[in-house]
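Undergrad: sequence below, structure please.
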Amino acid sequence: MRILRLSLLTLFVAVPLSAFAQDTLRVDSTRVAREYDLAGLLISVARPALTTGGASAVVLRLDSLGTIPAPTMEDVLRTMPLIVVRQNSRGEAQPALRGSEERQIGVFMDGVPLTVGWDHRTDMSIIPLTAARSIRLVRGLSSVLYGPNTLGGVIEIDVARVPERVDRVDPMTLGFALDETGGSNVSVGAGRLYGDDNQWLVRAGGGFQHRNGVTIPGGVSDDPSVRSQFLSNADGRRLNSDVRRSDAFFAARYRNDRGNWASLATSAYDVARGVPPETHQDGPRLWRYPDQRRLFTAFSAGTGTRSTVAGRGDIEFSFGYDAGSTRIDQYATGVFETVVGREEADDRTLTLRLVGEHTVAARGELRTAWTYADVSHDEVLTPGGPNSYRQRLWSFGVESEWRLGAREVTRISLGAVADGSDTPETGDKPRLDGLTDYGFRVGITSLTAPGLLLHAGVSRRARFPSLRELYSGALGRFEPNPDLTPESLWGAEGGFTLERGAAQLQIVGFHQRLQDAIARTSFTNAEGNRLFKRVNRDEIRSTGLEVLAVGTLGHTTFSTDLTLQDVNGIGSGGEDIELEYKPKAFGKIGFERPLGWGFRGSGDARFVSGQMCENPESGGLQPLDAHGLVDFSLRRIFRIRSGGAMSRVDASLAMRNASDASAYDQCGLPQPGRTLQLQFRLW
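TA: Below you'll find the predicted structure:
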């Protein structure tokens with residue numbers, strides 16, 4: 001049965017040097033915020049939670065975000081520093097951090113994982129953030145308490161689990177955006193705040209997106225490797241790049257004067273879309289998703305921090321229900337008329353989390369977390385038949401933190417975790433026996449001088465192969481491999497954060513070793529067809545440096561981020577194996593300044609160095625050129641009446657990819673060309 005860019009100041013944030021916070025999915029994590037009132041535009045520079053022994057997070061409040069109404073997670077993440085997002089040949093948008101890919105990065109909504117499922121990842125291009133209040137990116141060595149399969153970073157989305165009491169909520173918001181292709185985005189939301197000591201916050205709304213196709217960069221058609229029949233449609237837009245998405249949400253949170261709280265967030269979407277084919281192949285995927293549906297619910301409750309007979313502590317419980325259905329049609333030609341293959345699948349994931357914290361003596365804290373996830377996947381293949389798959393994952397972690405020194409300016413964190421997985425249902429393929437593994441984390445953070453924070457840490461975590469990696473043939477594109485084993489990530493990092501007045505600088509060096517890494521390779525089968533297969537490589541090593549800086553010069557705010565990295569595979573004989581989609585450098589430079597008459601102008605220049613990609617038709621790797629993109633926007637807030645609901649309008653005009661550069665996410669998959677966009681938000 002089928003189941004259901006932001007102101008630059010808001011983008012980068014330095015860690016607080018006067019107080020440390022945790023990154024353990026706690027709803028009441030400490031955050032400090034600065035606010036600047038710039039010609040009627042309120043910009044919050046949030047100071048996010050810090051991973052003890054790790055680098056700072058980046059927090060984005062979506063109520064000050066200048067992207068389109070009802071954005072997807074891809075829209076938001078492409079504006080953030082130190083992360084690469086690319087669209088793959090399945091039409092999915094996936095993130096990468098420090099050489100770690102999408103299956104090593106945990107994505108959480110209100111504390112419940114979105115990346116535990118059939119594929120152990122989630123498609124950023126269709127996850128709506130209409131309901132989201134903020135999004136947080138934790139890179140590097142995160143806490144061991146996030147649960148199974150969280151190795152190389154964490155993306156957290158807050159919907160109902162706001163960490164502090166709410167002072168106000170917009171009773172009504174409307175948003176509308178239109179671009180030059182005729183594509184449109186619409187959002188509507190309503191909210192109500194009840195009570196004072198005993199507070200209820202209720203919000204509901206929805207969004208809609210319609211796009212007939214994206215623009216094609218000017219230089220792509222001149223590329224000799226491009227197969228023109230797979231490039232554009234009859235209207236001159238990117239072939240098969242249309243999207244229709246609708247979503248709705250409901251969120252509620254209760255908190256009483258004693259600190260007890262409970263939250264509920266429910267979000268659903270319905271998507272129909274095409275998959276742009278790779279233009280460098282004679283036989284690319286000719287796919288459409290005529291139906292993708294998903295219902296996600298997260299319920300959480302907690303006692304809040306309170307006194308006990310041994311000190312102070314709290315307990316938090318979370319339940320997640322994630323259900324979806326997907327249909328993929330495979331077509332015979334680029335005309336997309338004759339269906340030659342079909343995959344229909346229903347997915348369901350149940351997640352339980354229990355988190356506890358208590359003080360130890362005068363300077364210590366002890367935290368524990370237990371996570372259990374039950375994943376089911378039912379599919380019907382044509383040609384083929386029905387199959388059912390199931391995977392169970394669990395994790396139990398313990399973490400302590402100690403404050404040292406006369407002024408308690410040094411903190412040490414120690415953590416350990418045990419993880420497990422089994423696959424009780426595997427369709428018509430061999431069953432994978434139960435697997436267990438372990439992880440640990442040690443970190444230190446110290447305020448060594450006024451405005452100077454040093455931080456370092458080491459960790460190990462494991463990830464079990466997903467059901468899709470083990471058993472999926474992807475409609476004849478992959479050969480299944482049930483013999484995959486868990487991969488483990490050893491990581492070390494160290495750096496400093498320096499704050500001087502309105503300027504902040506953070507530099508972090510890192511080294512990671514992903515052992516038994518699961519990667520794809522291509523081969524020729526007995527019938528002479530080129531296929532992909534997932535295999536355990538001996539090791540993938542990643543060494544690099546991250547730089548983030550933000551500051552002001554006069555009335556202009558500048559920001560920059562830069563990642564330098566060297567990522568290579570190591571074979572059984574110690575030989576280097578070059579990998580695909582591992583750029584040596586990427587980053588962004590941006591500015592924002594007032595222009596007079598209440599207008600503000602901003603611009604971003606983003607670049608990614610050259611990299612390699614695998615071509616299954618020719619075999620081996622081929623180069624993918626470096627690229628850069630420039631965006632500009634003009635924004636103003638108008639007050640249409642003195643106060644109350646629907647009294648202000650936020651209007652902006654943006655030019656995306658202003659130079660019409662040919663930028664490729666992946667071989668044969670160019671990003672959209674120059675696009676003019678107009679948008680309004682009324683609240």
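
Undergrad: straight-line length of stretch 89-104, end to end?
TA: The straight-line separation of the ends of stretch 89-104 (Cα to Cα, to the nearest Å) is 19 Å.

Undergrad: check which residues of that stretch are buried.
TA: 89, 91-104 (16 or more other Cβ atoms under 10 Å). In short, each C-beta sits where N, CA and C put it, glycine included.

Undergrad: among the residues you listed, find me the one that's closest to V243.
TA: Within the buried residues of stretch 89-104, proximity to V243 (Cβ to Cβ) peaks at G91, which comes in at 9.4 Å.

Undergrad: where's the residue nearest the centre of the chain relative to A492, distance?
TA: Among the residues of the chain, I155 comes closest to the average C-alpha position under Cα atoms, centre = their mean, at 5.0 Å. Shown here: I155 relative to A492, a distance of 22 Å by Cβ to Cβ, to the nearest Å.

Undergrad: please enumerate the helices of the protein.
TA: Using DSSP state H, the helices of the chain run over 8-11, 73-77, 467-471.

Undergrad: closest to V166 out of those helices?
TA: The minimum distance between V166 and those falls on helix 8-11, with 18.8 Å, by Cβ to Cβ.

Undergrad: averaged pLDDT, the closest one. What do you get?
TA: Confidence for helix 8-11, expressed as mean pLDDT, is 31.

Undergrad: for stretch 360-379, same thing?
TA: Confidence for stretch 360-379, expressed as mean pLDDT, is 95.

Undergrad: swap in stretch 326-336?
TA: For stretch 326-336, mean pLDDT is 95.

Undergrad: export that stretch as CSV, just CAs?
TA: Once non-C-alpha atoms are left out, stretch 326-336 reads as follows in CSV (Å, rounded to 0.1, in the frame of the first residue of the first chain):
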residue,chain,number,x,y,z
THR,A,326,8.3,6.8,-4.5
ARG,A,327,7.7,5.8,-8.1
ILE,A,328,10.4,6.0,-10.8
ASP,A,329,9.6,5.6,-14.5
GLN,A,330,12.4,4.8,-16.9
TYR,A,331,11.9,5.8,-20.5
ALA,A,332,13.2,4.5,-23.8
THR,A,333,14.3,7.8,-25.3
GLY,A,334,14.7,11.5,-24.5
VAL,A,335,11.2,12.2,-25.7
PHE,A,336,10.0,10.6,-22.5
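
Undergrad: what comes up buried for it?
TA: Of all the residues in stretch 326-336, those buried under the rule 16+ other Cβ under 10 Å are 326-331, 334, 336.

Undergrad: show me the beta-bridge partners of the residue lying closest to E546 once chain neighbours are set aside.
TA: The spatial neighbour of E546 that comes closest, neighbours along the chain excluded (Cβ to Cβ, 6 or more residues apart in numbering), is V508 at 4.7 Å. Assessed by DSSP bridges, V508 has beta-bridge partners G495, E546.

Undergrad: burial check on V508, number of neighbours?
TA: 24 (other Cβ atoms under 10 Å).

Undergrad: what do you get for L174?
TA: Neighbour count of L174, defined by other Cβ under 10 Å: 16.

Undergrad: from N233, how far off is it?
TA: Going from L174 to N233 by Cβ to Cβ gives 32 Å.

Undergrad: ok, now R639?
TA: For R639 relative to N233 (Cβ to Cβ), the value is 43 Å.

Undergrad: what does D665 give?
TA: The gap separating D665 from N233 is 19 Å, by Cβ to Cβ.

Undergrad: now do W683
TA: W683 is 37 Å from N233, where distance means Cβ to Cβ.

Undergrad: likewise V339?
TA: 18 Å.

Undergrad: comparing those two, which residue is more hemmed in?
TA: N233 (17 against 14).

Undergrad: tell me the contacts of that one?
TA: By Cβ atoms under 8 Å, 6 or more residues apart in numbering, the contact set of N233 is 213, 239-240.

Undergrad: just the buried residues of these.
TA: So, of the contacts of N233, 213, 239-240 end up buried under the neighbour-count rule (16+ other Cβ under 10 Å).

Undergrad: what's the closest of those to R136?
TA: The closest of the buried ones among the contacts of N233 to R136 turns out to be G213 (Cβ to Cβ; 33.0 Å).

Undergrad: which residues touch the nearest residue to the closest one once chain neighbours are set aside?
TA: Setting aside the residues directly before and after it, G213 is nearest to R237 in space (Cβ to Cβ, 6+ apart), at 2.8 Å. R237 makes contacts with 181, 212-216, as judged by Cβ under 8 Å, 6+ apart.

Undergrad: TSV for the buried residues of stretch 326-336, including distance to D419?
TA: Output for those, formatted as TSV (distance: Cβ to Cβ, whole Å):
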residue	distance to D419
T326	27
R327	33
I328	31
D329	37
Q330	36
Y331	41
G334	44
F336	43
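
Undergrad: quick check: the farthest pair among the residues you listed?
TA: By the measure Cβ to Cβ, the buried residues of stretch 326-336 have their two most distant members at T326 and G334, which lie 22.2 Å apart.

Undergrad: list the buried residues in stretch 368-388.
TA: Judged by neighbour count (16+ other Cβ under 10 Å), stretch 368-388 contains these buried residues: 368-369, 371-379, 381, 387.

Undergrad: quick check: mean pLDDT of stretch 76-94?
TA: Averaging the model's pLDDT scores along stretch 76-94 yields 90.

Undergrad: stretch 656-676 now?
TA: 94.

Undergrad: likewise for stretch 389-406?
TA: 94.

Undergrad: what of stretch 435-450?
TA: The model assigns stretch 435-450 a mean pLDDT of 92.

Undergrad: list the contacts of that stretch.
TA: With Cβ under 8 Å, 6+ apart, stretch 435-450 has contacts from 17, 20, 50-54, 141, 143-144, 397, 399, 409-422, 453-462, 464, 485-486, 488.

Undergrad: quick one: buried residues of that stretch?
TA: Residues of stretch 435-450 classed as buried by neighbour count (16+ other Cβ under 10 Å): 435, 437, 439, 441-447.

Undergrad: a markdown table for these, including distance to L595?
TA: Formatted as a markdown table, the buried residues of stretch 435-450 follow (distance: Cβ to Cβ, whole Å):
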| residue | distance to L595 |
| --- | --- |
| L435 | 58 |
| D437 | 55 |
| G439 | 50 |
| R441 | 47 |
| V442 | 49 |
| G443 | 44 |
| I444 | 45 |
| T445 | 40 |
| S446 | 43 |
| L447 | 39 |
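
Undergrad: quick revisit: which among the contacts of stretch 435-450 count as buried?
TA: Buried by 16+ other Cβ under 10 Å: 17, 20, 50-54, 141, 143-144, 397, 399, 409, 411-422, 453, 455-462, 464, 486, 488, out of the contacts of stretch 435-450.

Undergrad: the residue lying closest to L447 once chain neighbours are set aside and R367, how far apart?
TA: The shortest distance from L447 to any residue that is not its chain neighbour, by Cβ to Cβ, 6+ apart, is 4.1 Å, and that residue is V409. Using Cβ to Cβ, V409 is found at 21 Å from R367.

Undergrad: what does R461 give?
TA: R461 sits 17 Å away from R367, taking Cβ to Cβ as the criterion.
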